[in-house]
Structures are given as C-alpha cells and as structure tokens.
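Participant: Fold the following and give me the result.
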Amino acid sequence: MKEHERKPMPMPITLNDCLLLWQMGYRVEVNDGKVMAVVKERKKRENIA
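Facilitator: Residues are numbered from 1 along each chain as shown. Predicted coordinates for the structure are as follows:
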C-alpha cells in the first residue's frame, strides 16, 4: 500500500461512531435510520477583525 493512499471511511454503526466522525470534521447524513452518506466538512473561514 502506498504512503498517501487512504482507506475508505467505514460507515458508522452506532451513535457513538457518528459523534466520533463529527469530532473528526465529518458530517453523517441519515435517512430513516440508515446512513446515506459520510461527507468531509470544509473548514469555514472566520472573520477576524
């Protein structure tokens, strides 16, 4: 396996899995109790004045 090759993100099974993904910056989309997608959230720019 190459150095920079990533394994696909495993689908979360429990609510704790969803919370862990959220802490890592991922969004979990759920519909009717089934996971539809796991999406990496982009960093939001904060306006510092």
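
Participant: what are the ranges of the helices in the protein?
Facilitator: Ranges of helices in the chain, per DSSP state H, are 15-23.

Participant: how about low-confidence regions in it?
Facilitator: Where the chain drops to pLDDT under 70, the residues are 1-2, 45-49.

Participant: one more time with 90, if that's ok
Facilitator: 1-11, 33, 40-49 (pLDDT under 90).

Participant: quick one, strands of it?
Facilitator: 26-31, 34-40 (DSSP state E).

Participant: Looking at the ones you listed, spot the one closest to residue 5.
Facilitator: Evaluated over these, closeness to residue 5 peaks at strand 34-40, with 16.5 Å, by C-beta to C-beta. Heads up, the C-betas are built off the backbone N, CA and C, glycines and all.

Participant: Would you mind putting the strands of the chain into JSON lines with mean neighbour count and distance to residue 12 alongside?
Facilitator: Listed next are the strands of the chain as JSON lines, based on neighbours: other C-beta atoms under 10 Å; distance: least, C-beta to C-beta, whole Å:
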{"stretch": "strand 26-31", "mean neighbour count": "13", "distance to residue 12": "6"}
{"stretch": "strand 34-40", "mean neighbour count": "12", "distance to residue 12": "6"}
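
Participant: Residue 16 is nearest to which of the ones you listed?
Facilitator: Of all those, strand 26-31 sits nearest to residue 16, with 11.7 Å by C-beta to C-beta.

Participant: Need the residues that contact the closest one.
Facilitator: With C-beta atoms under 8 Å, 6 or more residues apart in numbering as the test, strand 26-31 has contacts from 9, 12, 18, 21, 22, 35, 36, 37, 38, 39, 40, 41.
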